[in-house]
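Sequence below, structure please.
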Amino acid sequence: MTGNEPALRTEPRQQRARATVGKLKSAALELIREAGVAKFTTNHVADRAGVNISTLYRYFPDKSHLLHALMQDFETHRVTFFIGHLPTLERRESWPTWVAEVVEGLAQIRRQEVGGVAIRRVISAFPELHALDQQSSLRTATELAGALRTVAPELDEQMAGVMASVVIANLTHLLDMAFEDDDRGDPLILAETVRVLSGYTP
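The predicted structure follows:
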């Protein structure tokens with residue numbers, strides 16, 4: 001599958017079906033957090049969720065589609081937070097404070113989302129997850145570029161786009177680095193992320 005394909009084979013319409021999909025996702029995230037993706041199978045997920053494997057396959061054709069759905073949920077949360085925080089970037093002088101708040105907010109999402117850290121760690125092994133990551137980065141960079149032109153009107157559209165892309169690429173990479181070996185996020189790397197990006201004032 002590609003990053004643009006739907007993760008769900010069948011879209012749950014009734015409350016009971018939505019609850020079942022939620023149980024399957026929760027079980028999958030718990031297993032990923034406990035044992036990583038290497039020992040993560042659809043059979044294990046169905047057992048943990050307390051449903052028949054055929055029920056799982058009704059919604060997720062395979063492990064790849066289930067991982068895709070989990071990544072979609074995580075990315076939606078991440079993008080929603082980022083875009084929702086853009087209005088607080090009111091002027092150029094707000095940039096360092098805004099950067100610190102965004103880094104902490106995104107770090108908190110990784111800490112609080114069950115399996116969120118593990119999902120980010122397996123992106124490189126699954127091309128479809130990498131595609132979703134790229135889509136999220138493009139969307140956030142586009143939104144950030146618009147905000148940069150608001151606080152720094154002298155920036156032309158191309159330069160604002162380049163600056164936003166650089167910020168998002170570095171922010172994502174440095175957060176991944178901070179959580180690579182530490183589920184809480186390495187505080188030194190997080191602090192350095194803030195310092196580096198704060199210096200990139202528009």
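
Next up, the contacts around residue 157.
For residue 157, the contact set (CB atoms under 8 Å, 6 or more residues apart in numbering) comprises 145, 149. (Glycine included, C-beta is placed from N, CA and C.)

Go again with 6 Å.
Applying CB atoms under 6 Å, 6 or more residues apart in numbering to residue 157 gives no contacts.

Tell me where the chain is predicted with low confidence.
Along the chain, segments meeting pLDDT under 70 span 1-13, 114, 124.

mind checking the longest helix of it?
With secondary structure taken from DSSP state H, the chain has its longest helix at helix 127-151.

Tell me the gap between that helix and the middle of its chain.
Computed by CA atoms, centre = their mean, to the nearest Å, the chain-centroid distance of helix 127-151 equals 11 Å.

can I have the helix or strand just after that helix written out in CSV, keeping just the CAs?
Following helix 127-151 in sequence order, the next helix or strand is helix 157-178 (DSSP states H and E). Taking C-alpha atoms only, helix 157-178 is exported to CSV below (Å, rounded to 0.1, in the frame of the first residue of the first chain):
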residue,chain,number,x,y,z
GLU,A,157,6.7,33.0,-0.9
GLN,A,158,9.6,30.9,-2.1
MET,A,159,12.0,31.9,0.8
ALA,A,160,9.2,31.4,3.4
GLY,A,161,8.6,27.9,2.0
VAL,A,162,12.3,27.0,2.1
MET,A,163,12.7,28.3,5.7
ALA,A,164,9.5,26.4,6.8
SER,A,165,10.7,23.2,5.2
VAL,A,166,14.1,23.5,6.9
VAL,A,167,12.5,24.1,10.3
ILE,A,168,10.1,21.1,9.9
ALA,A,169,12.8,18.8,8.7
ASN,A,170,15.1,19.7,11.5
LEU,A,171,12.4,19.6,14.1
THR,A,172,11.2,16.2,13.1
HIS,A,173,14.7,14.7,12.9
LEU,A,174,15.8,16.1,16.2
LEU,A,175,12.7,14.9,18.0
ASP,A,176,13.2,11.5,16.5
MET,A,177,16.8,11.6,17.8
ALA,A,178,15.7,12.7,21.2
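
Now do helix 157-178 against helix 127-151, angle only.
Angle, helix 157-178 to helix 127-151, by axes from the mean of the first three to the mean of the last three CA atoms, to 10 degrees: 130 degrees.
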